[in-house]
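>>> I would like to see how this sequence folds:
(chains A, B and C)
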Amino acid sequence: MPEGPEVETVRRTLAPLVTGARLGVATVSTLPLRTPITGADLAFLAGRVVSDVGRRGKTLWLRVGGDADDGTAGDDHDGIVVRLGMTGQLTVTATSLPVLPHTHVRVPLVDARGVPTGTELRFRDPRRFGEVVPFRGSAGLAGLCAGLGPDGLALDDDDRAAVAGALRQTARAIKEALLDQRVVAGVGNIYAAEACFLAGLAPTRKGTSLTRAEATRLVEGVEETLAQGVLHRGTSFSDYVDASGDIGDNARHLFVFQREGEPCRRCGTTIARIVQGARSTFWCPHCQRRRR
DNA sequence: CCACTCCTGCGT
DNA sequence: ACGCAGGAGTGG
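Okay, here's the model as predicted:
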């Protein structure tokens, strides 16, 4: 997926397209997503106005205000959470454009009288590891974000200290620890490897082996690589697109991810690939020499 | 800690 | 035919 920078790019491109817009009646495909839903589960959206598009880590949400068309009273904390999984796409598309295969949720945008405006929100996800989950009331969104650590794109000094401390406490390899959304939210397989590179640390280093200075560098590396990802509007290898359907440009700025066999951009050493926790890790054996 | 699961698609 | 893919959860 779509890791934090990609989800943030979706949020930034989606917000101006839907904020203040009124939603119509959602349609939902029959194939189950990670969390199965039906059209009835999204019926509360009809007639409501999008008030806010938010994100924490890889979790994106739309909140709606006002009351529903069916007369039931709305709560300003109602909405939907969208998780993109590996191949999810959340776009605003002209209704006239072909509906691509694997499109699972469609929500038309309508005017005050309920007349379609000609665009719709679409969630497409070939592998169906993603999900669209309705929530009602403030406790609903909080529950869906429970367990997420601080957002890696918005760390304050307290967060930085907490993340560095958590990394120094785990017996796991640092690259695997970075994938744990409870430690820091929004880091996935691309940016975990990139953060280790920027910190000059072998991805196999145990968290408990890090000095304070190394842990601080690793947190800085996380922040730097995530910020670079947003700057370049996300990394597109296959499926990722923003809310307008545009790909991101960050792949060409990566130092190690998916660069096995290619020369390191810093030292020319051949980038290596190893497997950690059943997932590929790319790294530069020279720039990330193991110390200790 | 690991292995395995959910899925589809693409490259070799 | 097989391995691999940006995620995340479960069960041993």
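
>>> Domain ranges for chain A, per the record?
Per the record, chain A has its domains at A:4-144, A:157-283, by automatic domain parsing.

>>> Any idea how far apart the tips of the shortest one sit?
Taking CA to CA, to the nearest Å, domain A:157-283 runs 28 Å from one end to the other.

>>> Roughly how far does the residue positioned nearest the centre of chain A sit from residue A:52?
The centroid of chain A falls nearest to residue A:58 when counting by CA atoms, centre = their mean (2.8 Å). Residue A:58 sits 18 Å away from residue A:52, going by CB to CB, to the nearest Å. Where C-beta positions appear, they are placed from N, C-alpha and C, glycine not excepted.

>>> ok, now residue A:260?
41 Å.

>>> give me the residue from the stretch 101-250 of chain A nearest DNA strand C.
residue A:188 (2.0 Å; CB to the nearest atom of the strand).

>>> Mind putting the domains of chain A into JSON lines with distance to residue A:289?
Below are the domains of chain A laid out as JSON lines (distance: least, CB to CB, whole Å):
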{"stretch": "domain A:4-144", "distance to residue A:289": "28"}
{"stretch": "domain A:157-283", "distance to residue A:289": "7"}
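
>>> Mean pLDDT and distance to DNA strand B for the ones you listed - can I get that in TSV?
Listed next are the domains of chain A as TSV, based on pLDDT from 0 to 100; distance: least, CB to the nearest atom of the strand, whole Å:
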stretch	mean pLDDT	distance to DNA strand B
domain A:4-144	97	3
domain A:157-283	97	3
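
>>> so which of those gets nearest residue A:150?
The minimum distance between residue A:150 and the domains of chain A falls on domain A:157-283, with 3.9 Å, by CB to CB.

>>> contacts for stretch A:224-234?
Under the criterion CB atoms under 8 Å, 6 or more residues apart in numbering, residues A:2-6, A:8-9, A:152-153, A:186-187, A:190-191, A:194-195, A:198, A:235, A:240, A:242, A:246-250, A:253 lie in contact with stretch A:224-234.

>>> Among these, which ones are in helices?
Secondary structure from DSSP state H places A:4, A:5, A:6, A:8, A:9, A:190, A:191, A:194, A:195, A:198 of those in helices.
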